[in-house]
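**Student:** dropping a prediction and its sequence here:
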Amino acid sequence: MSPADSDSSANNDQVTESTIPAELEKLAINVIRGLSMDAPNKAKSGHQGTAMALAPLAHVLWTRIMRFDAAAPLWPNRDRFVLSCGHASILQYSMLYLSGYGLELDDLKEFRQWNSLTPGHPEVHHTAGVEVTTGPLGQGFANGVGMAIAEQSLRGRFGADVIDHHIYGIVSDGDLSEGVSHEAASLAGHLGLGRLVYIYDDNHISIDGPTELSLTDDAVKRFEAYGWEVIDLGESSEDLEAMEQAILRARDNEDQPSLIIIRSHIGYPSPTHTDDPAAHGLAFGDAEITAAKAAMGLPDEPFYVPSEVLSMYRESGARGAMQRVDWEQRSAAALSGREAEWEASLSGTGLPGWEDLLPTFELGEKPATRAASQSVLNAVRSVVPSLMAGGADLTGNVGLTLKGSDILSRDDRGAEQIYFGIREHAMGSALVGAALHGGVLPAGGTFLVFSDYMRPPVRLAAISNAKVVFVWSHDSVGVGEDGPTHQPIEQVMSLRLIPNLQVIRPADGNEVAAAWRHIINGHAPTALILSRQNTPILEGTAALASEGVARGGYKLVDCADPRGVIVATGTEVAVAVEAAAALGNEGIAVRVVSLPCWELFDDQSLEYRESVLPPGLPTVSVEAGVTLGWQRYADASVGIDRFGASAPGNVVMEKLGITAEHVASTLRSLI
């Protein structure tokens, strides 16, 4: 069977019988298996056995199930495919080459080589047709949940004539062993994400040996308990019709995510390595490949792809063009009058002139930066249509309550407010998946100290350049009474270690507004670091913060001939201002620099950076966290190189030296 030649609002039309001869399908599947051995063997690196076992499933997905147009890989209403077991990347690359996404046979021959389009694990934005960067097990599973949330939200807002597709994924024993998949599966079942269809490759093989060494879960019962539809196909990994019918059944379930379990045999049909744990890695050398190809009736020829196989797959890759053209016509009519909203959603930005609604905070106000962030979001949410926000059971605590919004649920699929529950890891991964799906600007938050639960998705967001906003509040020992377990010390600095992640720690409400302006107009993943405790609106931020935050740092307090500089972030900028005033009363002129984002500051010209932090001028940094790293900007640092303590926040700050007196004394000694 093959997809219907035209699109439909339900994407569930009856399909017509395939005209592909059975012998050609068998040859095509064996060609995929041959490529799955040849490319890793040439690279002397990679995973062959899983890709071989899953070749029939891949054939079914690409020729009978998925809606896509290989010539338009970014078509908004395409089906998404997630290879959560990213180590089997050669399977996906083989299908992208065969289907006509632009990969050539020479790209497969460069598998895992420098600058190739076929890296060791799939990388989004690097290879056309790859939707998400996978590899760390469990992440792709949770990314797909985020994609399904984005699809559901867009369909709820714009209608099925605009957005109406599915997310398909292949998951492995390793994915289902990682805790993040449990969190994400629970959330998906709760939300009833019926457009999510996963196929579980139950091959009973891990690197250490049979999965029974450490895994005896009953996946059927577990996922049924999560609220998923579970279809256990058993020994069906070679049965194309059984797999197709199961996927179509799952696709038709609008109320539940679906897990299809297939008992596959890693390395099949190798005479020597079928069901062999060694097949998980690089088991197939020249002799084993020759034997496996003989068993399949293939010539002993590397990268063998006969023309009839390539033509068949290229026709499948082009079939979606008619569906895309039909969608373009229908969606244009459905979006009439809403074009600006649609474009803003796709880019994750605001409507024209949206910045005019950004609030300005006045001197005398003292909002915590988390509270200021809450005010900013609710001021602009009506003109940032892509915004979707929520927390890990801390939505109000971190300033992500969208006042008056309905809650995303089975019954309200277009709502902007989402409650992730106590699932920090899955929340982070779902945010990345939603951003990479497109159409939403996802913001999710928890306390900064719990960002440690979220490191894998944060890192992958940075690798993927996913436009995600990680909102972390309670950013220092100013948290107070909860004590060292809840008081972040090393987290801000550790986040600054991640390339391509902009870490913004605003000083006051006006810097918060400027941060959101930069985030919404930008394209990079962002860590927005906010305070629990109140902090005063500082003189000068209303005028200077908009440009200053966008440049990462700026002169907040200046003088004609400064004898020293105090550079600070977050609530400690107020401490720096107070210290500078005290030194000024002694006749020591001091400049105060607010440095909310190191990454943006380092992107500025050397001339600008030196105009803000002149070399040779005694400089002291102040930040309520570890001092490691501040040496790049400062000659001495006031910080906290130990864990905190349980006491009121202001007491902890004072006892640990985050005071104007200590800062002034430190700079005075340098001068």
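**Tutor:** Looks like it arrived, so ask away.

**Student:** residues contacting the residue nearest to G159 when sequence neighbours are not counted?
**Tutor:** Once flanking residues are discounted, G159 sits nearest to A334: 5.6 Å by Cβ to Cβ, 6 or more residues apart in numbering. For every residue, glycine as well, the C-beta is placed using N, CA and C. Applying Cβ atoms under 8 Å, 6 or more residues apart in numbering to A334 gives the contacts F158, G159, D161, V162.

**Student:** try M95
**Tutor:** Residues near M95 by Cβ under 8 Å, 6+ apart: I32, A58, L61, W62, Y313.

**Student:** can you check L103 too?
**Tutor:** Y93, L96, Y97, L117, T118, T127, A128, G129.

**Student:** quick one on the thing from earlier: buried among the contacts of A334? Make that a ChimeraX selection.
**Tutor:** To isolate the buried ones among the contacts of A334 in ChimeraX, judged by 16 or more other Cβ atoms under 10 Å, type:
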select :158,159,161,162
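
**Student:** of the contacts of A334, which pair is most distant in space?
**Tutor:** Using Cβ to Cβ, the contacts of A334 reach their maximum pairwise distance at F158 and D161, which is 8.0 Å.

**Student:** is the spatially closest residue to V573 that is not a sequence neighbour part of a helix or strand, or is it coil?
**Tutor:** Distances taken as Cβ to Cβ, 6+ apart place A507 nearest to V573, at 3.6 Å, with adjacent residues excluded. Per DSSP: H, G, I helix; E, B strand; the rest coil, the secondary structure class of A507 is coil.

**Student:** now do A507 against S594, distance only.
**Tutor:** Here the criterion is Cβ to Cβ, to the nearest Å. By it, A507 lies 5 Å from S594.

**Student:** what do these two both touch?
**Tutor:** Common contacts of A507 and S594 (Cβ under 8 Å, 6+ apart): T541, L556, A568, T569, V573.

**Student:** now do the host helix or strand of G390: distance to the chain's middle.
**Tutor:** Assigned by DSSP states H and E, G390 belongs to strand 387-391. Mean-position distance between strand 387-391 and its chain equals 14 Å (Cα atoms, centre = their mean, to the nearest Å).

**Student:** buried ones in the helix ranked longest in the chain?
**Tutor:** Looking across the chain with DSSP state H, the single longest helix is helix 307-334. Neighbour counts over helix 307-334 (16+ other Cβ under 10 Å) mark 309-310, 312-313, 316-317, 319-320, 323-324, 327, 330-331, 334 as buried.

**Student:** got these as JSON lines, with pLDDT columns?
**Tutor:** Output for the buried residues of helix 307-334, formatted as JSON lines (pLDDT from 0 to 100):
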{"residue": "V309", "pLDDT": "98"}
{"residue": "L310", "pLDDT": "98"}
{"residue": "M312", "pLDDT": "97"}
{"residue": "Y313", "pLDDT": "98"}
{"residue": "S316", "pLDDT": "95"}
{"residue": "G317", "pLDDT": "96"}
{"residue": "R319", "pLDDT": "94"}
{"residue": "G320", "pLDDT": "96"}
{"residue": "Q323", "pLDDT": "96"}
{"residue": "R324", "pLDDT": "97"}
{"residue": "W327", "pLDDT": "97"}
{"residue": "R330", "pLDDT": "97"}
{"residue": "S331", "pLDDT": "97"}
{"residue": "A334", "pLDDT": "97"}
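
**Student:** tell me where this protein is predicted with low confidence.
**Tutor:** Applying pLDDT under 70 to the chain flags residues 1-18.

**Student:** can you list the domains in it?
**Tutor:** The chain breaks down into these domains under automatic domain parsing: 37-318, 354-529, 549-670.

**Student:** any chance of TSV for those, columns distance to T19?
**Tutor:** Formatted as TSV, the domains of the chain follow (distance: least, Cβ to Cβ, whole Å):
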stretch	distance to T19
domain 37-318	10
domain 354-529	33
domain 549-670	55
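
**Student:** nearest to G348, of those domains?
**Tutor:** domain 354-529 (3.9 Å).

**Student:** how long is the closest one from one end to the other?
**Tutor:** With Cα to Cα, to the nearest Å applied, domain 354-529 spans 23 Å between its terminal residues.

**Student:** with stretch 449-465 instead?
**Tutor:** 23 Å.

**Student:** before we move on, what about stretch 527-544?
**Tutor:** End-to-end distance for stretch 527-544, by Cα to Cα: 22 Å.

**Student:** for the closest residue in space to A88 that isn't next to it in sequence, grab phi and psi.
**Tutor:** Computed as Cβ to Cβ, 6+ apart, the closest residue to A88 that is not its neighbour in sequence is T50, at 4.2 Å. Per-residue torsions, T50: phi -70, psi -40 (degrees, to the nearest 10).

**Student:** are we agreed that A443 is in a helix?
**Tutor:** No: under three-state DSSP, A443 sits outside any helix and is assigned strand.

**Student:** if I pick the nearest residue to it once chain neighbours are set aside, what's in contact with it?
**Tutor:** In space, and not counting its chain neighbours, A443 is closest to V469: 3.9 Å by Cβ to Cβ, 6+ apart. Contacts for V469 (Cβ under 8 Å, 6+ apart) come out as L431, L441, P442, A443, G444, I519, P525, T526, L528.

**Student:** swap in 10 Å and give it another go.
**Tutor:** 348, 377, 387, 389, 400, 431, 435, 441-445, 461, 504, 515-516, 519-520, 525-528 (Cβ atoms under 10 Å, 6 or more residues apart in numbering).

**Student:** so how far is L35 from A634?
**Tutor:** 55 Å.

**Student:** ok, A645 next?
**Tutor:** Taking Cβ to Cβ, one finds A645 at 60 Å from L35.

**Student:** could you do T360 as well?
**Tutor:** Applying Cβ to Cβ, the value for T360 to L35 is 60 Å.

**Student:** of those two, which one has the most company?
**Tutor:** Set T360 next to L35 and count neighbours by other Cβ atoms under 10 Å: L35 wins out with 29 against 13.
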